[in-house]
Structure formats: structure tokens, C-alpha cells
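Visitor: pasting the structure only:
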């Protein structure tokens with residue numbers, strides 16, 4: 001190789017590295033990790049919730065929820081005093097935020113302006129996990145993973161209006177704003193459809209070949225649900241009929257699934273191999289895998305900004321998993337102190 005060719009190759013390599021070039025095999029115009037935001041504190045983490053209008057990202061982090069300004073990419077506050085923080089939701093109509101506490105079985109109410117807790121809702125089920133606000137009924141639906149119940153709350157009064165016994169290990173739920181709420185039942189491999197005004201189960205949707213459904217996103221326009229499944233696939237489900245219209249391969253350990261309706265991209269955060277599966281919607285029932293982006297091991301929950309088309313993922317580094325014991329037959333690898341971060345993915 002001539003000296004000129006060597007110099008040219010060196011310059012091109014340096015430019016590619018400076019630009020954050022993607023790993024071999026990924027599309028040149030694909031998604032990549034743009035930034036990492038260090039988040040103080042240690043312990044477990046779960047859902048990530050984005051308030052697009054306020055440019056704030058809420059990250060459930062053990063005994064607190066960290067709040068990040070997505071414009072400055074900095075932590076601007078915390079909502080503390082929690083007991084196993086999981087799901088987060090903000091209801092603009094009443095100017096309140098809500099956080100599920102999995103260990104105490106309560107929902108914390110907070111003020112999004114001051115980030116101060118303003119109350120607690122105690123009459124919830126066992127291990128409240130995900131939650132979603134339904135504009136049609138103007139009620140908050142809390143999905144209790146440990147008791148198979150859906151707790152319905154009036155966000156204006158902070159009162160439990162009713163409890164619906166669904167059964168099974170409830171995971172993520174979504175509302176369409178037209179009187180329907182859907183929730184994954186992880187241990188029964190199904191989706192349950194709820195009439196949000198009558199508060200009754202209206203349908204059971206078997207998800208075969210999908211197993212262990214966890215993450216869920218919704219395409220309201222086309223009436224499709226996107227379900228992240230534990231057996232390394234994403235299922236596309238007709239929200240009206242319950243028919244599985246398509247399945248696509250993703251990585252292991254998916255926990256979060258989100259949809260950007262403006263780009264037609266569906267994202268699945270797969271924590272066990274640290275990949276973000278990007279699937280593009282060609283039509284209501286036709287999809288293809290665009291990219292499997294390497295993010296970070298443990299990056300399993302996410303939120304999507306449909307204005308900037310950026311994806312936010314929570315992740316941390318882990319130590320060695322301890323040996324099983326009688327007290328802990330299924331031990332988890334410990335999170336290493338000081339390693340919790342939020343990844344920002346974009347183009």
C-alpha cells in the first residue's frame with residue numbers, strides 16, 4: 001500500500017471513530033448510542049417514563065425515582081422515600097404523578113413541578129408494577145404482578161374506585177383512549193382486554209407462539225399491539241380480534257417495548273445480551289427487522305421521544321451471580337455500585 005493510501009485509510013478510520021461509527025454489520029444510517037448519563041445511587045431499577053412536553057425523563061431506581069432533563073442531559077432531582085419503585089405515570093389533567101411501590105404495595109403521589117411526594121394510595125394489590133392512565137375513563141390502572149389484580153384509581157381524588165381480579169402475573173398494560181385497556185399476563189402467555197368504562201374483562205387473547213409476554217406498545221392508528229416475549233420474539237397482535245398477525249426475532253431478556261408512530265419503528269430492549277431490536281412497520285401487518293444495536297448488558301427498559309426520535313434506556317454493570325441457596329434459589333447478579341446510567345440512542 002502506498003504512503004498516500006495509508007494516510008487516507010488512517011484519516012477515514014479516525015473520522016469514523018470520532019463520529020461514533022457503528023459496529024460491523026449495522027446500517028450506516030442506523031441508530032447508535034449517542035450519550036451516557038451517570039445516575040447517582042445504587043440498587044435495582046425498572047421502568048423509564050418520558051414526559052415529552054416537559055422534557056423530563058423519570059427513572060425508577062430502587063428507593064427513588066431519578067428525574068433527568070433530556071435537553072441538558074442532567075439529573076435535576078429525585079423523588080425519594082420509595083419502596084421498590086417500578087411504574088411511573090403523569091396525569092396532566094390533574095397535574096399529578098404516580099409511582100408504584102412494589103415492596104410496600106402502595107402508590108406514591110407526587111407533584112411534577114416540585115418533585116415532592118404529596119400522598120400515598122394504600123389500597124392496592126400485591127407487588128404493584130406497571131400502570132397506565134386511560135383518558136376514556138379518566139382513571140389510572142395499576143397492574144399488580146403478585147396478586148393478578150388491577151387496581152383502578154381516580155387520579156383526581158387519589159381514591160381506589162374498584163379492583164378487578166384478572167389472575168396471573170400482570171405485566172405492562174396500554175390504553176387506546178377509546179375505552180380499552182390491554183395487559184400482558186406473563187405466566188399465562190396471553191393478553192387480557194379490559195373494558196375501561198365498565199371495568200370488566202372483555203376478552204382473553206392467547207399469544208402462541210409468544211411466551212412470557214412482558215413489554216407492550218400500542219399503535220392506536222392501526223389497532224396493533226407490539227408484545228415483547230421472553231422466548232426471543234416480538235408478536236404483532238390485532239388489538240380488536242386478538243389474532244397474532246406476525247412474529248419477529250429479537251434478543252433474550254426483553255422487558256420494555258415502545259413504538260415511535262412518527263417513524264414506524266418499534267423498539268425492544270433486550271437486557272440479557274444488551275441489544276436494542278429495531279423493527280420497522282411497513283404496513284399494519286407487515287414488519288421487518290432493521291437493526292440489532294449493541295447497547296449494554298442489562299439495558300432492558302426504555303422510553304421513546306417521538307419528537308426527537310431518541311430512545312432512553314436504563315442500564316448498570318453487574319458482578320458475579322452468587323450460587324443458589326435454599327433461601328434464594330434464583331439469585332440475581334449484584335449491581336456494581338456507581339455504575340447506573342441512562343443511555344441515549346439516536347441517529
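Guide: That came through, no problem. None of these values were measured; they are calculated from a predicted model.
Visitor: What number of residues are in the vicinity of residue 176?
Guide: Per other Cβ atoms under 10 Å, the neighbour tally for residue 176 reads 18. Just so you know, the C-beta spots here come from the backbone N, C-alpha and C atoms, and that holds for glycine as well.
Visitor: Just confirm it contacts residue 225, I think it does.
Guide: No - using Cβ atoms under 8 Å as the test, residue 176 is too far from residue 225 to be in contact (9.5 Å).
Visitor: any shared contact partners between these two?
Guide: Common neighbours of residue 176 and residue 225, counting by Cβ atoms under 8 Å, 6 or more residues apart in numbering, are 218, 239.
Visitor: Which residue lies closest in space to residue 187, excluding its sequence neighbours?
Guide: Excluding its sequence neighbours, the residue lying closest to residue 187 (Cβ to Cβ, 6 or more residues apart in numbering) is residue 169, at 4.4 Å.
Visitor: Correction: the previous question concerned residue 51.
Guide: residue 90 (5.5 Å).
Visitor: same deal with residue 136?
Guide: residue 179 (4.5 Å).
Visitor: low-confidence ranges in this structure?
Guide: 1-26 (pLDDT under 70).
Visitor: My read is that residue 133 contacts residue 155, right?
Guide: Yes - using Cβ under 8 Å, residue 133 makes contact with residue 155 at a distance of 7.0 Å.
Visitor: Run a quick neighbour tally on the residue nearest to residue 136.
Guide: Neighbours around residue 179, by other Cβ under 10 Å: 16.
Visitor: Correct me if wrong: it contacts residue 135.
Guide: No - in this structure residue 179 lies outside contact range of residue 135 using Cβ under 8 Å: 9.8 Å.
Visitor: between residue 133 and residue 155, what contacts are shared?
Guide: 91, 139-140.
Visitor: How much space separates the residue nearest to residue 187 from residue 343?
Guide: 28 Å (Cβ to Cβ, to the nearest Å).
Visitor: Contacts only, for residue 33.
Guide: Taking Cβ under 8 Å, 6+ apart as the test, what residue 33 contacts is 20, 293, 295, 343-345.
Visitor: Please repeat the previous calculation with a cut-off of 10 Å.
Guide: Residues near residue 33 by Cβ atoms under 10 Å, 6 or more residues apart in numbering: 20, 22, 276, 293-296, 299, 311, 313, 343-346.
Visitor: Give me the buried subset of the residues you listed.
Guide: The neighbour-count test (16 or more other Cβ atoms under 10 Å) marks 22, 276, 293-296, 299, 311, 313, 343-345 as buried among the contacts of residue 33.
Visitor: which one of those residues sits closest to residue 217?
Guide: residue 311 (12.1 Å; Cβ to Cβ).
Visitor: Mind giving me the packing neighbours of whatever helix or strand the closest one lives in?
Guide: Element membership for residue 311, per DSSP states H and E: strand 310-315. Packing partners of strand 310-315 (3 or more Cβ pairs under 10 Å, 6 or more residues apart in numbering; DSSP states H and E): strand 32-38, strand 48-51, strand 56-61, strand 254-260, strand 265-270, strand 275-283, strand 301-305, strand 341-346.
Visitor: Report the distance from it to the chain centre.
Guide: In terms of Cα atoms, centre = their mean, to the nearest Å, the centre of strand 310-315 is set 9 Å apart from its chain centre.
Visitor: partners of it, with directions?
Guide: strand 301-305 (antiparallel), strand 341-346 (antiparallel) (DSSP bridges).
Visitor: would you turn those strands into TSV with distance to residue 260?
Guide: Listed next are the strands paired with strand 310-315 as TSV, based on distance: least, Cβ to Cβ, whole Å:
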stretch	distance to residue 260
strand 301-305	5
strand 341-346	11
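Visitor: for the ones you listed, which one sits closest to residue 146?
Guide: strand 301-305 (18.9 Å).
Visitor: how about the closest one: buried residues?
Guide: 301-305.
Visitor: Pull the most distant pair out of the residues you listed.
Guide: Farthest pair in those, by Cβ to Cβ: 301 and 305, 15.0 Å.
Visitor: which of the buried residues of strand 301-305 lies closest to residue 109?
Guide: Of these, the one sitting nearest to residue 109 (Cβ to Cβ) turns out to be residue 303, at 20.9 Å.
Visitor: Pretty sure that closest one sits against residue 49.
Guide: Yes - using Cβ atoms under 10 Å, residue 303 is in contact with residue 49, at 6.0 Å.
Visitor: which residues do those two both contact?
Guide: Between them, residue 303 and residue 49 share the contacting residues 57-59, 88, 312, judged by Cβ under 10 Å, 6+ apart.
Visitor: Grab the two from these that are most spread out in space.
Guide: Taking Cβ to Cβ, no two of these sit farther apart than 88 and 312, at 12.6 Å.
Visitor: Can you check which residues contact both of the two?
Guide: Contacts common to residue 88 and residue 312, judged by Cβ under 10 Å, 6+ apart, are 48-50, 57, 59, 303.
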